[in-house]
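Asker: sequence and predicted model, in that order:
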There are 2 protein chains.
Amino acid sequence: MPNSPEKSTKERILDSAVRLFSQKGYAACGMRDIVRDAGVSIAMVNYHFGSKKALLQEIIRRFSADTFQLADHHFEGAEALEIKLRRFIRDMIKLFRKNPDSLRIMVTELPMDVPEVIDFKADRVGKLVQLARDKLFSSFPDEVRERIHLEILGPALIGMLTFHFIVHPVFERAFGIRCDDDFYDGYADELADLFLYGILSKTNSHHATQENPKDD
Amino acid sequence: MPNSPEKSTKERILDSAVRLFSQKGYAACGMRDIVRDAGVSIAMVNYHFGSKKALLQEIIRRFSADTFQLADHHFEGAEALEIKLRRFIRDMIKLFRKNPDSLRIMVTELPMDVPEVIDFKADRVGKLVQLARDKLFSSFPDEVRERIHLEILGPALIGMLTFHFIVHPVFERAFGIRCDDDFYDGYADELADLFLYGILSKTNSHHATQENPKDD
DNA sequence: TTGACAATCAAACAAACGTTTGATAGATAT
DNA sequence: ATATCTATCAAACGTTTGTTTGATTGTCAA
């Protein structure tokens, strides 16, 4: 299915690239696949973006900006931790649903040979966790905050949220579920419950369940 | 750094392919990269595996077998849910640490044009969740099991466990952590706490935190 | 000793790759 | 009117791709 014809050439290339990079992977997707889908000449990619790799970086750059801006926005404000975190998780899933292709590209197509991309992402993730520490957990007493390892729980949360979209084809096949609005409402609630209880457990007691066994 | 010379040609190719597929991605990694690293001729790949794609499928097949066999094994037995689940999480992380390259390949290189691979994975995931339902939660009363949505919590757990290894370079850069034995011990404990509390919350009360708000 | 078989290699293959070039049309400014 | 600039295209460029071929070596059986 070709692209809508009223958009500009540059936007048509971007749309096609996002879909095809996600579908076949960046390296496996030839520029001729993209321009055929976009209905433009192959020279247009280098004209508008400079190179195929720069096109990929532009896609990642745009989606990163959306994602981290959303996170920044939801951590501000005076509401309780529960309220902020539930809203954050719900809107994050909403954003991922709207751009599942961009999400998969951002996660799976780590351009290992472009160190500045890794630096960029690491910088944003670090700032995000710092923001969570300052804005989300600032009211907790120090000895509780010491027990909450955000550098573990943060990536775990992101992993929970994103993994479903990464392996979506396997997931739908395995459970015979079609993922509609209702499903994702339940999905967001379930993950929020899981995460909030996990955090709050640290605020009340030391031991996780009955005994926290360390058997071998 | 080339491969160890005492192994067979077939094994040398497999070892090199796992590392390089993970590093550069399947499509971006040329067969000449692999055979140069393995110290063999390029014809050996097609001789021993048939094609480049068959080599990828062999890698995924081997690692899938290890992973799901581990899961099957840990869900059996008469111990309590907490004990089984903690041991499962710990050994899963141990396996992922030993084969981070295979894990990344299995998750990120979904051969979309090979439907049987997706079918294979979907089948295994479905059976795994069914096994968890039968062996892990069989002692719970029915009205509690209805509230535990394993088709959501299961993939969420796998996402938590694997995501760290997928984005490992970003992760290490962001937090300035070197991930040693101690780190992963804490990592496993933290995730087990998080997950067990999230589940046990469903067994006690209906509402997640204070109010389970549904604001907009 | 001869024949068959398995493992290996260097070289060659056509196809596909990302990029560049030169030309063309349309708009805008001088 | 003419020159400049922008957006576009078809065609060609040199590489690199995965695969195949034909020859060579070593091993084991007849």
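Answerer: Thanks, I have the structure now.

Asker: could I get the buried residue list for stretch A:100-119?
Answerer: By neighbour count with 16 or more other C-beta atoms under 10 Å in any protein chain shown, stretch A:100-119 contains the buried residues A:100-111, A:117-118. Yep, even glycine has a C-beta here, placed from its N, CA and C like the rest.

Asker: and those residues, which is closest to A:F21?
Answerer: Using C-beta to C-beta, A:I105 comes nearest to A:F21 of these, at 5.2 Å.

Asker: name the helices or strands packed onto the host helix or strand of the closest one?
Answerer: Applying DSSP states H and E as the criterion places A:I105 in helix A:100-108. Helix A:100-108 is packed against helix A:9-24, helix A:52-75, helix A:150-166, helix B:100-108, with contacts defined by 3 or more C-beta pairs under 8 Å, 6 or more residues apart in numbering or on different chains; DSSP states H and E.

Asker: which one of the ones you listed lies nearest to DNA strand D?
Answerer: Among those, helix A:9-24 comes nearest to DNA strand D, with 3.4 Å by C-beta to the nearest atom of the strand.

Asker: what does chain A have sitting close to DNA strand D?
Answerer: Proximity of chain A to DNA strand D, by C-beta under 7 Å from any atom of the strand, involves residues A:S8, A:T9, A:K10, A:G39, A:V40, A:S41, A:I42, A:A43, A:M44, A:Y47, A:H48.

Asker: mind checking pLDDT for the second one?
Answerer: Spelled out, that is A:T9. We have a pLDDT of 91 for A:T9.

Asker: so which elements touch the helix or strand encompassing A:D182?
Answerer: In this structure, A:D182 sits in helix A:181-204 according to DSSP H and E. Secondary-structure packing of helix A:181-204 (3+ C-beta pairs under 8 Å, 6+ apart): helix A:81-98, helix A:142-147, helix A:150-166, helix B:150-166, helix B:181-204.

Asker: that helix: how far from the chain's middle?
Answerer: A distance of 17 Å separates the C-alpha centroid of helix A:181-204 from that of its chain, computed with C-alpha atoms, centre = their mean, to the nearest Å.

Asker: count of neighbours near the residue in chain A that DNA strand C sits nearest to?
Answerer: Closest residue of chain A to DNA strand C, C-beta to the nearest atom of the strand: A:G30 (2.7 Å). Each residue near A:G30 was counted by other C-beta atoms under 10 Å in any protein chain shown, and the total is 13.

Asker: quick check on it: phi, psi?
Answerer: phi -80, psi 150 (degrees, to the nearest 10).

Asker: can you give me the distance of it to chain B?
Answerer: As judged by C-beta to the nearest C-beta, to the nearest Å, A:G30 and chain B stand 10 Å apart.

Asker: how close does that residue sit to B:Q23?
Answerer: Using C-beta to C-beta, to the nearest Å, A:G30 is found at 22 Å from B:Q23.

Asker: likewise for A:S138?
Answerer: According to C-beta to C-beta, A:S138 stands 40 Å off from B:Q23.

Asker: again, but for A:D182
Answerer: Going from A:D182 to B:Q23 by C-beta to C-beta gives 41 Å.

Asker: mind showing which ranges of chain A have poor pLDDT?
Answerer: Across chain A, the ranges flagged by pLDDT under 70 are A:1-6, A:111-113, A:204-216.

Asker: what about the closest residue to A:A188 other than its chain neighbours, neighbour count?
Answerer: Excluding the flanking residues, the one nearest A:A188 by C-beta to C-beta, 6 or more residues apart in numbering or on different chains is A:R90, at 4.5 Å. Using other C-beta under 10 Å, A:R90 is surrounded by 21 other residues.

Asker: next one: the one 3 residues further on
Answerer: Number of residues near A:I93 (other C-beta under 10 Å) recorded here: 20.

Asker: OK, contacts around the spatially closest residue to it that is not a sequence neighbour?
Answerer: Of all residues not flanking A:I93 in the chain, A:A188 sits nearest, at 5.0 Å (C-beta to C-beta, 6+ apart). Counting by C-beta atoms under 8 Å, 6 or more residues apart in numbering or on different chains, A:A188 makes contact with A:R86, A:I89, A:R90, A:I93.

Asker: ok, so of these, who is nearest A:H149?
Answerer: Using C-beta to C-beta, A:I89 comes nearest to A:H149 of the contacts of A:A188, at 19.0 Å.

Asker: contacts only, for that closest one.
Answerer: With C-beta under 8 Å, 6+ apart, A:I89 has these contacts: A:L157, A:L161, A:A188, A:L191, A:A192, A:F195.

Asker: thinking again about what came up before, more crowded one of A:D182 and B:Q23?
Answerer: B:Q23 (14 against 8).

Asker: so A:T9 touches A:G39, yeah?
Answerer: No - between A:T9 and A:G39 there is no contact under C-beta atoms under 8 Å: 9.0 Å.

Asker: who's more crowded, these two?
Answerer: Between A:T9 and A:G39, counting by other C-beta under 10 Å, A:T9 is the more crowded of the two (17 against 14).

Asker: quick one: residues contacting the more buried one.
Answerer: Neighbour list for A:T9: A:A38, A:V40, A:M44, A:H48 [criterion: C-beta under 8 Å, 6+ apart].

Asker: among the residues you listed, who's most crowded?
Answerer: Among the contacts of A:T9, the one with the most neighbours (other C-beta under 10 Å) is A:A38, at 23 neighbours.

Asker: that residue reaches A:D15, doesn't it?
Answerer: Yes - using C-beta under 8 Å, A:A38 makes contact with A:D15 at a distance of 7.3 Å.

Asker: the closest residue to A:G126 other than its chain neighbours in helix, strand or coil?
Answerer: Of all residues not flanking A:G126 in the chain, B:A174 sits nearest, at 4.2 Å (C-beta to C-beta, 6+ apart). The assignment at B:A174 comes out as helix when based on DSSP: H, G, I helix; E, B strand; the rest coil.

Asker: lovely, talk soon.
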